[in-house]
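Here is a sequence together with a model predicted from it:
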Amino acid sequence: MSRSFSVQRRGSSSTSPPSEANSHLHSWSLLIVIGTLCLGAFLYGLDANIVGTAVPRITTDFQSLSAVAWYGASYLLTVTAFQPLFGNLYRFFNSKIVYLVSLFIFEAGSIVCATARTSDILIFGRALLGFGASGLLQGALAILGSIVPLEKVPVFQGIVISGVGISVCAGPIVGGALTQYASWRWCFWINVPAGFFALVIIFLFVPLAEGFTEAKALPLRQKLSHTDPIGTILFLGLVCCLLLALTWGGQQYSWGNSRIISLFTCFGMLLLCFCFWDWKQGDLALIPLQVLRKRSVVMGAIVLFNYGLVMYLYGYYIPMLFQTVQGASATESGVRYIAMMVPQIVTLALTGAVVSKWGHYVPYMIAGGIIASVGSGLLTTIGIATPTTQWATYLVVTGIGVGMASQLPYTALQVVLDSSDIATGNGHLKPFFTNCHQLIDDAITYFEDTDEPFAFQLCGVTTYGLSRPADVTGILDGASWAHGMDFEFFISEVMEKFGMTSKEVERARHMPQPGEASYIENNNTNPRHLSLIQFVQDLYKRQFLEPANLDRLSKKFSEFLGVTLHSQNLDFCTRDYNGCLYSIGAPGRQREVSLYSLVAGSMVDATLRALFGPYLHNFEPDIVDQVIEFNAHAWILFYGLPDFFGRAPVCEPRDRIRAAFRAFIDMPEEQRSEQCFAFKHLLRWMEVLDIDKESRVGLLFLFFFASIANEQNACYWFVAHIVYDEELLDASRKETELAWQSGQLDVKYLTSNCPKLDAIFSETLRQRTNTFGWRVVKEETVIRGKKLVPGTPVLIPMRVLHTNKNIWGSDVDEFDPNRFSKKAKALQQPYYRPFAGGPTYCPGRILAKRETYAFLAILLRRFDITLLPPFGAPGRKPAFPLMEACRPPTGVKGPQPNMDLFVRLDERASEKS
Ligand code: HEM
């Protein structure tokens, strides 16, 4: 049975870096569009608040006191009931078009209201208005996602949403003034020029192109079925029946009247149908039933319902009291109402800020309820002659109470994220980014009765996580359901994050067709007419698995490593890569170094030189540090976190590396003679395709990142375990010495004849590959009875394979290479997958082993290694570093900040020159 909470729109398009995304707006065009979206949000809120002060005139004009509640309710009904529908429309269709359609409906509704000749037409017009308005706020947020970079979305979101806040305050005053000095009809006419202006601006300024998402690429039929039209109709029907029965009952008709009874009966039947339909639809339902099982959601809904009741009751009856009982004009009534609205907005903002900071929301909710009740009680005492100070004080008290508590159900879900309540919150952002593995473990425990994939919210995006080892291997090995999962789409998203424009990413997915310029017969570079993405994947395999290319690359790599690993070249080991600034003496034969700096610095340097030749170092002398810095913070880019206007730690290294790549690409091919095979072909083919320069830089960057993301840290743990354990160190020295028999390092011998190293390497990878694989649901897929919704990302926690006690025994947390000494048993274990498997089987697996072993072999050949005691504790063995746990991985993780091993390297006599 389904357990996920809700399906929300993916903001994939907005993740590309600011300067590169061609749909992003700048300067005055951005200003004007943001102003217009604000106007849309203002109109959305205005129409809920403007009629209150106009209602007394309307009821007088139409002689329709019995319909008084309907003027507000019809708007509210549709504006609420159609929210989920519009949410899905924005998810599956182009945001600009859906927004324009909703504005158009809003305009039509306004004209119907403004020209209404009867009360019924006005009610119909209000319903139409609400229907259009239900797409305005969501639409503004959806459009924002494609016109501003992701990191700036929260700021602009705040600006746009403030339009609603202003309308709450301005609505009654504007409504009052228009009703008094013109006619109540102007409360609706006002929407027409404003809405028309918004239509024109959005039409002219917002680009039609937006980021590609899998949901938007679904066939029309599938899109329509996912918007759950039947659920929407049933929901609307049942709400209408209930509201009609409640409005007419006891007023127009007695409660026992057959119409009222029929309406209640219809409501009951529709409710049953809706529940059945909702249950059948699972995750695709308008309101997934699982949501209602969650205490926090149910309580939040009850609180919101009660405050909604209070707000709308007062919104109608207090202006009526002012105007019809106390004889105030419509404008004056609006101004008087400020006494309630201003305190409400102020306390709303204040409580929100306080709760966000300290996290306790229940006290404010209770206090708000008590204050609002006291205020409401006091309001019951006012009458025709109540002095201004008295009724104003009562309104202020009520406003404070309502403002204090009415938004807290939303805030509570954002701020207090209880990981055991995994499926109930509308965001698991905080636990994911502070301890993602704990969040996944909690989810697995929480769902262990069903073993079905769980769902959680990440940056507003519903994300599935697989909980069973068999499902993880199933996805890698192509289980029958795995074809519904797409890796290519995930890669497309990552390409955007690394700087390709969405237009070029779409082109990269396209297979060249006969007749197109990119379909070149007898073309040596891309003879199989692959799409650019497939071409890149093919290049990976040719570069890292074809013996000639692989041997050349690993030979170069070892040579560069051989140059670096000399005592006089180790100054870089003083770098503060991991919060471990370690001062070493002047270059000499004995050096004391941070192991992390030693491994990271020399591995990254050798990889860069083997892949690119010396060129990147020429363009950016600090390139090694920049890459290490980038790797440490790549998760910020990867998970699309805001870069705080370019100040996140990932920004500077990203920009400097990109600048070096840009200069590299600008060199004529003949001057790049030392670049590797893959880059030569990749750059050539991108030139044929005429991919824009920034996108070429982005793809090159991503290609390079794949080859270093795991390597540097995997090698660190491997060497750290060996250095930490004298027995392992001795055994490793013995094995690696044999690879130097010719005087040169024989890497192939090393990787084929060292069982002890193999066992240590395998155990290191078992313990350290806590990475996540990612896929996107391509078509409706069912795993263990749970329907996964297309377009939703799926997280594959490899960890469930390697840390599972049922598979590896109760000592799973111990580092024990012996479990791999009996090779046949552990290595053939289907749940041992450090390099994944199937179509995405890591093409760098052979090179990874060669590079790691080569590093160790050269290090042991050159130096005697002594583990240093912790600072200030001579004679003691340092603690083994813990793995960094606070950030989600983008590859194998490094040690926790300020945790490292420090070693003394004594150049061996045989190596002294
Ligand atoms: C010990 C080090 C390494 C580990 C643990 C590792 C692990 C992995 C894993 C688990 C995947 C599959 C991701 C998925 O299915 O979602 C993968 C993919 C990949 N790895 Fe590695 N890797 C390592 C080293 C390397 C090296 C040295 C290179 C290149 C020189 C490399 C290049 C790649 C590439 C290009 C892919 C993507 C394959 C595709 O697009 O189909 N890896 N790696």
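Happy to help now that I have it. Numbers count the residues shown, from 1 in each chain.

Doesn't residue 455 lie inside a strand?
Yes: Residue 455 sits within a strand when classified using DSSP: H, G, I helix; E, B strand; the rest coil.

pretty sure it contacts residue 463?
Yes: using CB atoms under 8 Å, residue 455 is in contact with residue 463, at 6.8 Å. Any C-beta I mention is one placed from the backbone N, CA and C, and that applies to glycine too.

Quick one: the strands in the stretch 101-250 of the chain, in order.
Assigned by DSSP state E, counting those that start in this stretch, the stretch 101-250 of the chain shows no strands.

Could you list the low-confidence segments of it?
145, 149-159, 161-170, 208-227, 247 (pLDDT under 70).

Now do the helices in it.
119-133, 136-147, 153-181, 186-189, 191-205, 220-226, 229-248 (DSSP state H, counting those that start in this stretch).

Name the residues of the first one that are buried.
In other words, helix 119-133. 119, 122-133 (16 or more other CB atoms under 10 Å).

Now do that helix against helix 191-205, angle only.
Counting by axes from the mean of the first three to the mean of the last three CA atoms, to 10 degrees, helix 119-133 lies at 20 degrees to helix 191-205.

Tell me the helices and strands packed up against helix 119-133.
helix 27-49, helix 51-62, helix 68-81, helix 95-114 (3 or more CB pairs under 8 Å, 6 or more residues apart in numbering; DSSP states H and E).

ok, the closest residue to the ligand within the stretch 451-600 of the chain - contacts?
Nearest residue of the stretch 451-600 of the chain to the ligand, counting by CB to the nearest ligand atom: residue 540, 4.2 Å away. Each residue near residue 540 by CB atoms under 8 Å, 6 or more residues apart in numbering is listed here: 678, 703, 706, 843-844.

now those residues as JSON lines including secondary structure, neighbour count and distance to the ligand?
Listed next are these as JSON lines, based on DSSP: H, G, I helix; E, B strand; the rest coil; neighbours: other CB atoms under 10 Å; distance: CB to the nearest ligand atom, whole Å:
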{"residue": "678", "secondary structure": "helix", "neighbour count": "23", "distance to the ligand": "9"}
{"residue": "703", "secondary structure": "helix", "neighbour count": "18", "distance to the ligand": "7"}
{"residue": "706", "secondary structure": "helix", "neighbour count": "19", "distance to the ligand": "4"}
{"residue": "843", "secondary structure": "coil", "neighbour count": "21", "distance to the ligand": "5"}
{"residue": "844", "secondary structure": "coil", "neighbour count": "21", "distance to the ligand": "2"}
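
now, which of the residues you listed sits nearest residue 196?
residue 703 (49.2 Å; CB to CB).

Quick check: can you list the domain ranges of the chain?
23-216, 491-907 (the TED database).

Out of these, which is the most enclosed?
Among the domains of the chain, domain 23-216 has the highest mean neighbour count (mean count of other CB atoms under 10 Å), at a mean of 21.

among the helices and strands packed on helix 119-133, which is nearest residue 237?
helix 68-81 (9.7 Å).

Next SSE downstream of that closest one?
helix 83-92 (DSSP states H and E).

Give me the helices and strands touching that next one, please.
Taking 3+ CB pairs under 8 Å, 6+ apart as the contact cut, helix 83-92 packs with helix 95-114, helix 136-147, helix 220-226, helix 229-248.

Next, the contact list for residue 684, please.
525, 669 are the contacts of residue 684 under CB under 8 Å, 6+ apart.

what's the spacing between it and the ligand?
Noted for residue 684: a distance of 19 Å to the ligand, by CB to the nearest ligand atom, to the nearest Å.

Where does that residue sit, in terms of helix or strand?
helix 677-689.

Could you export that helix as CSV, keeping only the C-alpha atoms?
C-alpha atoms of helix 677-689 as CSV (Å, rounded to 0.1, in the frame of the first residue of the first chain):
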residue,chain,number,x,y,z
PHE,A,677,41.7,9.9,-25.9
ALA,A,678,38.2,10.5,-24.5
PHE,A,679,38.5,14.3,-24.3
LYS,A,680,39.9,14.6,-27.8
HIS,A,681,36.8,12.7,-29.1
LEU,A,682,34.4,14.4,-26.8
LEU,A,683,35.5,17.9,-27.8
ARG,A,684,35.5,17.0,-31.5
TRP,A,685,32.0,15.6,-31.4
MET,A,686,30.7,18.6,-29.4
GLU,A,687,32.1,20.8,-32.1
VAL,A,688,30.4,18.9,-34.8
LEU,A,689,27.1,19.3,-32.9
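
How far away from the center of its chain is it?
Chain-centre distance of helix 677-689: 32 Å, with CA atoms, centre = their mean, to the nearest Å.

swap in stretch 893-913?
39 Å.

That stretch - what's its average pLDDT?
For stretch 893-913, mean pLDDT is 80.

So that stretch, near the ligand or not?
No: Stretch 893-913 stays clear of the ligand (CB under 6 Å from any ligand atom), getting no nearer than 11.1 Å.

ok, which stretches of the chain are strands?
454-458, 461-465, 485-486, 590-594, 772-777, 781-783, 786-788, 793-797, 863-867, 902-907 (DSSP state E).

Looking at the ones you listed, which is nearest to residue 175?
strand 454-458 (37.5 Å).

Contact partners for residue 198?
By CB under 8 Å, 6+ apart, the neighbours of residue 198 are 36, 39-40, 43, 103.

Closest one of the residues you listed to residue 341?
Out of the contacts of residue 198, the member with the shortest distance to residue 341 (by CB to CB) is residue 43, at 17.7 Å.

Pretty sure that closest one sits against residue 194.
Yes: here residue 43 reaches residue 194: they are 6.0 Å apart, a contact under CB under 8 Å.

Got the confidence number for residue 100?
90.

For it, give me its contacts.
199, 202-203.

how much space between it and residue 619?
Residue 100 sits 46 Å away from residue 619, going by CB to CB, to the nearest Å.

and what of residue 258?
85 Å.

just residue 555 next, same as before
25 Å.

same deal with residue 537?
28 Å.

Same question for residue 456.
42 Å.

Please apply the same query to residue 228.
54 Å.

Adding distance to residue 729, write the helices and strands packed on helix 83-92 out as TSV.
Converted to TSV, the helices and strands packed on helix 83-92 look like this (distance: least, CB to CB, whole Å):
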stretch	distance to residue 729
helix 95-114	59
helix 136-147	53
helix 220-226	59
helix 229-248	65
